[in-house]
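Undergrad: quick one, structure for this:
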Amino acid sequence: MAESLLLPVVRGVLGKATDALVKNVSRMWGIDGNRRDLELKFLYVQSLLADAEAKAEADTEAGRAVKAWMKELRAAAYQADDVLDDFQYEALRREAHSLRSTSSKVLDYITFRNPLVFRLKASRDLKNVLDKIHKLVEDMKKFDLLQREPVAPQALYRHTHRHWTSLQTSLEETTTRISW
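TA: Residues are numbered from 1 along each chain as shown. Predicted coordinates for the structure are as follows:
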């Protein structure tokens, strides 16, 4: 089911939101509060996703509503991922930029790579994503979702541990028999 792919996307966005490069750039631009809000909202959403996925399985009107909400959330998560990618790009660009000559740095303010324009665009995009996520979190509260731990995928071969234990025991027996 496609909705089950939402948890890894949300975890990926959380990873980027907590990335040191993204934190540094957002602090430098004075929008670290927005980045932190985005991080907290996705942490909250992540804690409720297991219940949302369970409710989306139901073939009821509420289940279809949760499924539609999850689809919107996935789109917003991808949008947030793109914005955070832009932040990472800008951080890496600045790092590489510090090694360049002064004349090329001046030219950057004239060309399409103008850091001021990039800053305005990225901060506006972050604000738009944050507003969208805020709306989705408000909508999510209508579904009465509960915090649950996500179900861990089960191992395909359950007997592996028992075989390892018997192998380890036979190795110990062999070692004691061969002792010098």
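
Undergrad: low pLDDT regions in this protein?
TA: Within the chain, the segments meeting pLDDT under 70 span 1-4, 100-115, 148-180.

Undergrad: quick one: the helices in it?
TA: 6-17, 20-29, 32-56, 61-97, 102-110, 115-140, 160-177 (DSSP state H).

Undergrad: and the fourth one, what's buried?
TA: Spelled out, that is helix 61-97. Applying a neighbour-count criterion of 16 or more other Cβ atoms under 10 Å, one finds 66-67, 69-70, 73-74, 76-77, 79-81, 83-84, 86-87, 90-91 buried in helix 61-97. The way it works is simple: take the backbone N, C-alpha and C, and place the C-beta from them, glycine included.

Undergrad: CSV please, covering the helices of the chain and showing distance to Q147.
TA: Formatted as CSV, those follow (distance: least, Cβ to Cβ, whole Å):
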stretch, distance to Q147
helix 6-17, 14
helix 20-29, 26
helix 32-56, 5
helix 61-97, 15
helix 102-110, 46
helix 115-140, 12
helix 160-177, 30
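
Undergrad: nearest to L146, of the ones you listed?
TA: Nearest to L146, of all the helices of the chain, is helix 32-56, at 4.7 Å by Cβ to Cβ.

Undergrad: run the chain-centre distance for that closest one.
TA: 10 Å (Cα atoms, centre = their mean, to the nearest Å).

Undergrad: against which helices or strands is that helix packed?
TA: For helix 32-56, the elements it packs on are helix 6-17, helix 20-29, helix 61-97, helix 115-140, judged by 3 or more Cβ pairs under 8 Å, 6 or more residues apart in numbering; DSSP states H and E.

Undergrad: mind putting those helices into JSON lines with distance to S47?
TA: Listed next are these as JSON lines, based on distance: least, Cβ to Cβ, whole Å:
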{"stretch": "helix 6-17", "distance to S47": "10"}
{"stretch": "helix 20-29", "distance to S47": "22"}
{"stretch": "helix 61-97", "distance to S47": "13"}
{"stretch": "helix 115-140", "distance to S47": "11"}
